[in-house]
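Colleague: pasting the sequence and the predicted model now:
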Amino acid sequence: MANFPGDLELIVPNLHRRYSGVTATNRMVAPRLAKLFRAAWFGSDAPEGVARLDVAGFLKLWRRRTPLILHARRNNEMIAGVLLRALGWPLKLVFTSAAQRHHSWITRWLIRRMDAIIATSDISASFLKVKATVIPHGVDTDVYAPPADRAAAFAESGLPGRYAIGCFGRVRAQKGSDVFVDAMCRLLPRYPDFTAVIVGAITPEQMPFANDLKKRIEAAGLQARIVITGELPIVQVQRWYQRLTIYAFTSRNEGFGLTLIEAMAAGSALVASRAGAAELVVEDGVTGVLIRPGDADALVAALEPLMRDPAAALAMGARGRARVLAKFSLDAEAARIGEVYRPLL
């Protein structure tokens, strides 16, 4: 694209070496935004469907005079935008916040220098202290979709039983991995048709936590039925969603919690702690069940009726899928972000 620097309207930066939930959400919506605006991805983990901007191309942008949006999702990306604009780059700065906590002084300072702010939920917006447009995350409902045959999808895993119950995300206390393991150690002996799967990375600093979970699993004699996969390629993660009958969202605190809508889109019944966007996404008792964060007893009480009646779980999953299609698609998210961009351009 020879005229790339002049034609460009949007830079999607990803200035973070480790793959994270922020990276995942960015990767999903960027190709949809690229259908609406002349966009380029700058940084690692670029998705298909959006052009790449290398360092040489990026440096050519300082000659521009027409406005160019840089959409930051992290402090370092906001810092880069503020510094470049101070040097004369024609940047319009947009920041998306999913955090549900009070921000540090540097984050507050940076936020006040943005041209537009997006929050992923009303709760996130309440911590920003500035005007924000609330736009929930979306999910690719073609990729995250129910399988043609859920029983066959689970069977290909080679795990025992007929049904899977999953909990996805990095293995750590913040994600409630311990709460999930506690509940499974109590429930699986009563429901031999179920196997539990934890899909997520174990970082070096979380190894003692993960080892403790493994000891609990071994003490319960459930090594074959509570499986921790470790980090998997995204295509394999997507397939694991299709193997689940039930998904447990056990985070103690969360920004948005993309796994909520990924699991619902794949047709899994959902039990979710009231963290992140759970109360925005889930219609309690209809498209999922909401519980207190960090409460293994509540998790057991909510999961057991679904494990007792897999047909009811699948019916809940179908209602969840319908809600995601109506409210949380990527196209809807991209269109609303576009409404924020257009006045800036």
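Modeller: Perfect, I can see it now. Given the structure is predicted, the values throughout are model-derived calculations rather than measurements.
Colleague: quick one: low-confidence parts of the stretch 151-300 of the chain?
Modeller: The model of the stretch 151-300 of the chain has no residue with pLDDT under 70.
Colleague: domain parsing for this structure?
Modeller: 4-138+329-341, 150-327 (automatic domain parsing).
Colleague: need the winner for burial among the ones you listed.
Modeller: domain 150-327 (a mean of 19; mean count of other C-beta atoms under 10 Å). Yep, even glycine has a C-beta here, placed from its N, CA and C like the rest.
Colleague: and that domain, how far out from the chain's middle?
Modeller: Here domain 150-327 is found 14 Å from its chain centre; the criterion is C-alpha atoms, centre = their mean, to the nearest Å.
Colleague: and for stretch 337-345?
Modeller: Chain-centre distance of stretch 337-345: 23 Å, with C-alpha atoms, centre = their mean.
Colleague: ok, now how distant is the one residue sitting closest to the centre of the chain from residue 140?
Modeller: With distances taken as C-alpha atoms, centre = their mean, the residue of the chain nearest its centroid is residue 258 (2.6 Å). To residue 140, residue 258 is 11 Å away according to C-beta to C-beta, to the nearest Å.
Colleague: need the three-state assignment for residue 270.
Modeller: Following DSSP: H, G, I helix; E, B strand; the rest coil, we place residue 270 in the strand state.
Colleague: contacts only, for the closest residue to it other than its chain neighbours.
Modeller: Spatial nearest neighbour of residue 270, excluding adjacent residues (C-beta to C-beta, 6 or more residues apart in numbering): residue 288 at 3.5 Å. Residue 288 is in contact with 264, 269-272, 278, 281-282, 316, 320, counting by C-beta atoms under 8 Å, 6 or more residues apart in numbering.
Colleague: and if you look at residue 115?
Modeller: Applying C-beta under 8 Å, 6+ apart, the residues near residue 115 are 92-94, 344.
Colleague: cross the residues you listed against strands and list the overlap.
Modeller: Judged by DSSP state E, those include 92-94 as members of strands.
Colleague: how close does residue 35 get to residue 334?
Modeller: Residue 35 is 7 Å from residue 334, by C-beta to C-beta.
Colleague: residues contacting residue 192?
Modeller: Shown here is residue 192, whose contacts under the criterion C-beta under 8 Å, 6+ apart are residue 161.
Colleague: change the start of the numbering to 37 and stick with it
Modeller: Okay, residue one is now 37; in that scheme the one you just asked about reads as residue 228.
Colleague: and it, which of the three is it?
Modeller: coil.
Colleague: so where do the strands sit in the stretch 187-336 of the chain?
Modeller: Using DSSP state E, counting those that start in this stretch, the strands of the stretch 187-336 of the chain run over 199-204, 230-235, 262-266, 280-285, 305-309, 325-327.
Colleague: and those strands: which comes nearest residue 64?
Modeller: Set against residue 64 and scored by C-beta to C-beta, those come closest in strand 199-204, at 15.3 Å.
Colleague: show me the contact partners of stretch 116-124.
Modeller: Contact with stretch 116-124 is made by 49, 51, 98, 106, 108, 127, 129, 146, 149, as judged by C-beta under 8 Å, 6+ apart.
Colleague: farthest pair within the residues you listed?
Modeller: Maximum distance among these (C-beta to C-beta): 21.0 Å, for 98 and 146.
Colleague: residue 50 and residue 81 touch, don't they?
Modeller: Yes - counting by C-beta atoms under 8 Å, residue 50 touches residue 81, with 5.9 Å between them.
Colleague: find the residues that touch each one of these two.
Modeller: Both residue 50 and residue 81 are contacted by 59, 63, under the criterion C-beta under 8 Å, 6+ apart.
Colleague: which ones are touching the nearest residue to residue 363 once chain neighbours are set aside?
Modeller: Take residue 363 and drop its neighbours on the chain: the residue closest to it by C-beta to C-beta, 6+ apart is residue 172, 7.5 Å away. Residue 172 is in contact with 156-157, 292, 313, 316-317, 363-364, 369, counting by C-beta under 8 Å, 6+ apart.
Colleague: over to residue 150?
Modeller: So residue 150 contacts 108, 114, 129-131 (C-beta under 8 Å, 6+ apart).
Colleague: mind redoing it with 6 Å?
Modeller: 129, 131 (C-beta atoms under 6 Å, 6 or more residues apart in numbering).
Colleague: ok, residue 199 next?
Modeller: Residue 199 sits next to 229-230, 281, 346 when contact means C-beta under 6 Å, 6+ apart.
Colleague: how much space between the nearest residue to residue 286 once chain neighbours are set aside and residue 64?
Modeller: In space, and not counting its chain neighbours, residue 286 is closest to residue 212: 3.0 Å by C-beta to C-beta, 6+ apart. From residue 212 across to residue 64, the span is 23 Å (C-beta to C-beta).
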